[in-house]
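K.L.:
Here is my input; please provide its structure:
(one chain, ligands or ions: 1)
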Amino acid sequence: MILSINGIEFSYRSRDVLRDVSFDVQPNEIMTILGPNGVGKTTLLKCINKIHHPKAGSILIEDEDIMKMDLLNVARRVGYVPQHCEKGRLTAYDAILLGRRPHITWNTSDNDLKIVDAAIKRLRMEDLAMRYIDEMSGGELQKVSVARALVQEPKLMLLDEPTSSLDLKNQQEILRIIKAVVRGHSVSAVMTMHDINTALRFSDKFVLLKDGQIYAAGGPEIITPESIREVYDVDVHVENFKNSPIVIPV
Ligand SMILES: Nc1ncnc2c1ncn2[C@@H]1O[C@H](COP(=O)(O)OP(=O)(O)OP(=O)(O)O)[C@@H](O)[C@H]1O
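P.N.:
The predicted model follows:
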């Protein structure tokens with residue numbers, strides 16, 4: 001098991017956000033957390049990345065309790081693509097190279113540079129590599145952030161709305177690359193997303209959050225008109241398109 005979450009509870013001061021959240025993620029699996037604004041999706045990713053500390057429950061990565069891991073050990077296993085990427089006076093190349101930091105013992109090696117070059121080529125961002133990230137558009141920055149997580153070579157990638165600033169072509173490209181990495185390298189991914197149809201296309205499993213609790217978890221069969229109405233308070237049809245369900249608002 002790559003990730004096992006058991007009964008986690010999290011509050012911001014006295015405000016309860018997550019209650020009794022449990023689920024597992026297997027190797028080579030993409031799981032998408034769905035739910036309305038403010039339900040706790042980002043908070044959940046931050047708990048898995050040890051940015052936040054749940055007040056109850058446990059989070060195991062490769063069967064090890066993250067509470068007992070130091071941050072370097074977490075960073076070697078977990079790559080995080082935040083919803084809002086931080087900016088600074090760094091070139092995209094240097095920002096991506098930071099993803100190698102958890103693995104660098106002394107100096108940056110030729111191998112580190114090779115891994116960064118390969119990611120830049122794979123994401124077709126050669127033209128962005130020497131530009132400063134504080135002069136980039138939201139979508140360009142999002143690609144840098146995904147590249148940084150890829151070069152980290154983690155076991156688990158956490159991606160908070162990784163395509164929210166990307167145009168249609170870049171959305172498809174990034175998600176295809178994430179899927180190829182997950183399938184080819186015994187990596188797993190946990191994403192959050194608002195576009196349910198894109199999530200259906202690129203994910204194996206889903207967690208539907210409602211009021212900070214799991215409303216349903218499982219394969220695409222949990223995405224039904226009833227579950228969407230309950231969780232999002234909107235009416236939809238669910239139809240089949242090329243053997244995959246698609247959600248159509250009514
Ligand atoms: N640092 C914080 N301090 C206090 N409350 C917070 C903090 N961060 C988030 N919250 C609150 O916790 C709840 C969950 O926030 P979170 O960002 O996890 O939601 P989300 O599901 O990711 O939302 P969205 O889809 O809008 O990104 C929200 O009500 C939010 O206002």
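
K.L.:
Spell out which parts of the protein neighbour the ligand.
P.N.:
Counting by Cβ under 6 Å from any ligand atom, the positions of the chain adjacent to the ligand are 12, 17, 35, 37-43. Where you see a C-beta, it was placed from the backbone N, CA and C, and this is true even at glycine.

K.L.:
mind putting the residues you listed in a markdown table, pLDDT included?
P.N.:
A markdown table is the format used below for these (pLDDT from 0 to 100):
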| residue | pLDDT |
| --- | --- |
| Y12 | 96 |
| V17 | 97 |
| G35 | 97 |
| N37 | 96 |
| G38 | 96 |
| V39 | 97 |
| G40 | 97 |
| K41 | 97 |
| T42 | 97 |
| T43 | 97 |
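
K.L.:
Counting neighbours, which of those comes out on top?
P.N.:
Per-residue neighbour counts (other Cβ atoms under 10 Å) across the residues of the chain next to the ligand peak at K41, which has 25 neighbours.

K.L.:
number of nearby residues for the closest residue to that one other than its chain neighbours?
P.N.:
Nearest residue to K41, sequence neighbours excluded (Cβ to Cβ, 6 or more residues apart in numbering): T192, at 4.1 Å. By the measure other Cβ under 10 Å, the count of residues near T192 is 23.

K.L.:
returning to that earlier point: the residues of the chain next to the ligand in helices, which ones?
P.N.:
If you go by DSSP state H, the residues of the chain next to the ligand have 41-43 in helices.

K.L.:
Return the member of those residues nearest to A180.
P.N.:
For those, the residue nearest A180 by Cβ to Cβ is K41; the value is 24.3 Å.

K.L.:
Enumerate every residue touching the closest one.
P.N.:
Residues counted as contacts of K41 (Cβ atoms under 8 Å, 6 or more residues apart in numbering) are 33-35, 160, 192, 209.
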